[in-house]
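1. The sequence isn't on hand, but the structure is:
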């Protein structure tokens, strides 16, 4: 490819596997660009901008949030199932010991299902951000459920159980907040411009900040 000046705004463009030898990407916006497996020998990236785009961040967050709430949603489903098992009904939950059993049983089911889903997600490689948000979602829903159980127990005069559920609720919500923040940090660090397996022999990156770039297995001389 001849050394010609390309368009300045190349955000989210795919150059995967293309022959771009000697290409001039000077002062281009290459956030979200995909150069995986491309031949970029002698190309110029001087003054260009790299990293994530808002579109990429939105997709990452959407995927993670959907996954988290799908799995966290097993908690109310488990509560309904547990209510059948302990015989307290699916619409009206008794404010007695049976309700406490239902809550504990539901949380146990939810955590078991979530653990299985986490293993599946890790296997297919959705990423640490999805795993973190999934656990955070489970903890958040568990925290609100335990909080409701605490209020109900205080309402019927069961102070000790109310205190226990309060502690559980605070602990779950505290951990959920930490994990949500961690997930956001992971998303911010996720590569936006990809150079995996690209041949960058003789390429120049003068006056650039290589933020959120992935050069895994790239050839750099």
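-> Noted; the coordinates are in hand. Given the structure is predicted, the values throughout are model-derived calculations rather than measurements. Numbers count the residues shown, from 1 in each chain.
2. Which phi and psi values does residue 182 adopt?
-> In terms of degrees, to the nearest 10, the main-chain angles of residue 182 are phi -60, psi -40.
3. number of nearby residues for it?
-> Neighbours of residue 182 under the rule other C-beta atoms under 10 Å: 16. Every C-beta, even on glycine, is put in place using the N, C-alpha and C of the backbone.
4. shouldn't residue 147 be in contact with residue 165?
-> Yes - using C-beta atoms under 8 Å, residue 147 is in contact with residue 165, at 7.2 Å.
5. More neighbours: those two, which one.
-> Comparing residue 147 with residue 165 by other C-beta under 10 Å, the one with more neighbours is residue 165, at 24 against 17.
6. give me the element the more buried one is part of.
-> Using DSSP states H and E, residue 165 sits in helix 159-189.
7. and that helix, average pLDDT?
-> Averaging pLDDT along helix 159-189 gives 80.
8. can you check stretch 35-44 too?
-> 94.
9. Same question for stretch 56-76.
-> 65.
10. related to what we said a few turns ago, between residue 147 and residue 165, which contacts overlap?
-> Contact criterion C-beta atoms under 8 Å, 6 or more residues apart in numbering; no residue bridges residue 147 and residue 165 by contacting each.
11. Packing partners of the helix holding residue 165?
-> helix 54-72, helix 128-155 (3 or more C-beta pairs under 8 Å, 6 or more residues apart in numbering; DSSP states H and E).
12. so what secondary structure elements neighbour the last one?
-> Using 3+ C-beta pairs under 8 Å, 6+ apart as the contact criterion, the elements in contact with helix 128-155 are helix 54-72, helix 74-85, helix 97-124, helix 159-189.
13. Residue 23 touches residue 39, doesn't it?
-> No - counting by C-beta under 8 Å, residue 23 does not reach residue 39; the two are 9.5 Å apart.
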